[in-house]
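In: This is a predicted model, with the sequence first.
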Amino acid sequence: MLKYISTRLLLLVLVLVGVLVITFFVTRLVPGSPVSLMLGARPTAAEVAAKTVELGLDRPVYEQFFRYASSIATGDLGTSFHTKRPVTTDILERSSATFELVTISLVVALLIGAPLGVFSAVKQNTPSDYAARFVATIGMAMPLFLSGMLLQIIFYGDLSVLPLHGRLSQEFISSGSVHRYTGLLLFDTLLSGNLSAFADAARHLMLPVATLVIASLGVMMRVTRNTVIEVLSQDHILASRALGIGNQLLYWRYTFKATLVPLLTVVGLTYGYLLGGAVVVEFIFDWPGLGGYAIDAIAVNDYPAVMGVTFVLAAANLIVNLIVDLLYFALDPRTRLT
């Protein structure tokens, strides 16, 4: 077990190094100079030269890379050209919004997708099965920006029942009644004892969460369905049915339990997909997370901010997949034997 964990941690470090190398050199290939964008219209040659030296962009690319890699090794992601603040500070302030959005979306997709997959498998090749598969396919095929804007048009524009953007209404932000404890608004509003702010934060979460759930629901539903259909045809399930075990116990205790390992794999992969999809969703809903920060940084060629966000999201994705791999040992005894 310890040897396996050590090997996976070593591979994780190697992948992060690869992400760092690729991100660093790709950002340098993007057209446009951050110096010109920072100085505005018609800067003088002296101003450009001075700013280039100040940012260290006058040095050879390989030297810039090794300086940046050594700073990351100490936990320093550099200073943003755009905000003039440490990238680590910016990411810490914004990461809680992204991880709250992504984690809640994953939990909701799992709670809906897994039971729907079991239902679809039990009702295989019936109108109910076809309807569930059709809805899941539509959700998978629809781009995130399209589903997000449709939800805004319906629930904000037509029905006026949900807010358009942001994490919290201005009245709660201005009053300062919600204190920042964890950065997760649902927890912070409860810890602050402000139930009205909690309800408001939950309402602001609904549309962006629904957008991510629509995109990820189909994968979970289809994997669960296919696995359940396969398990239902196995000998031990047929024998259990012959012994008179009821359908509810058979489906939810014996059959669904056998789907946990492949479903766990999908959960890990979906979390990484949602982290990437959150960039688009945060832009649509003006969500103050890492996605909006990354888009602003890309627009002005803010090298440290772009690389910092990419590095953090890659690390989060790898850590989630490592946790999923370790959970295999708890769920599947055959993995421990191997």
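Out: Now that the structure is in, tell me what you want to look at.

In: switch to C-alpha atoms for all contacts and neighbour counts from now on
Out: Will do.

In: so what's the spatially most central residue of the chain up against?
Out: Most central in the chain under C-alpha atoms, centre = their mean is L275, positioned 2.0 Å from the mean C-alpha point. By C-alpha atoms under 8 Å, 6 or more residues apart in numbering, L275 lies in contact with T98, V102, L313, N317.

In: Check whether the second one really touches L274, as I assumed.
Out: Yes - using C-alpha atoms under 8 Å, V102 and L274 qualify as a contacting pair, with a distance of 6.0 Å.

In: what's the overlap in contacts for those two?
Out: Shared contacts of V102 and L274, counting by C-alpha under 8 Å, 6+ apart, come down to L212.

In: L318 touches L12, doesn't it?
Out: Yes - using C-alpha under 8 Å, L318 is in contact with L12, at 6.6 Å.

In: one step back: give me the element the residue nearest to the centre of the chain is part of.
Out: helix 260-284 (DSSP states H and E).

In: C-terminal to that helix, what's the next element?
Out: Next element after helix 260-284 (DSSP H and E): helix 290-299.

In: Against L106, how distant is M149?
Out: 20 Å (C-alpha to C-alpha, to the nearest Å).

In: cool, L290 as well?
Out: When L290 is compared with L106 (using C-alpha to C-alpha), they lie 17 Å apart.

In: Could you count how many residues lie near P163?
Out: If you count neighbours by other C-alpha atoms under 10 Å, P163 ends up with 21.

In: Check S240 too.
Out: Neighbours of S240 (other C-alpha under 10 Å): 14.

In: Report the mean per-residue pLDDT for stretch 19-37.
Out: Across stretch 19-37, the average pLDDT comes to 76.

In: Stretch 164-179 too?
Out: The model assigns stretch 164-179 a mean pLDDT of 83.

In: which parts of that stretch are buried?
Out: L164, H165, G166, R167, L168, V178, H179 (16 or more other C-alpha atoms under 10 Å).

In: Just send the residues you listed back as JSON lines, with distance to Q64 too.
Out: Formatted as JSON lines, the buried residues of stretch 164-179 follow (distance: C-alpha to C-alpha, whole Å):
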{"residue": "L164", "distance to Q64": "42"}
{"residue": "H165", "distance to Q64": "39"}
{"residue": "G166", "distance to Q64": "37"}
{"residue": "R167", "distance to Q64": "37"}
{"residue": "L168", "distance to Q64": "40"}
{"residue": "V178", "distance to Q64": "42"}
{"residue": "H179", "distance to Q64": "40"}
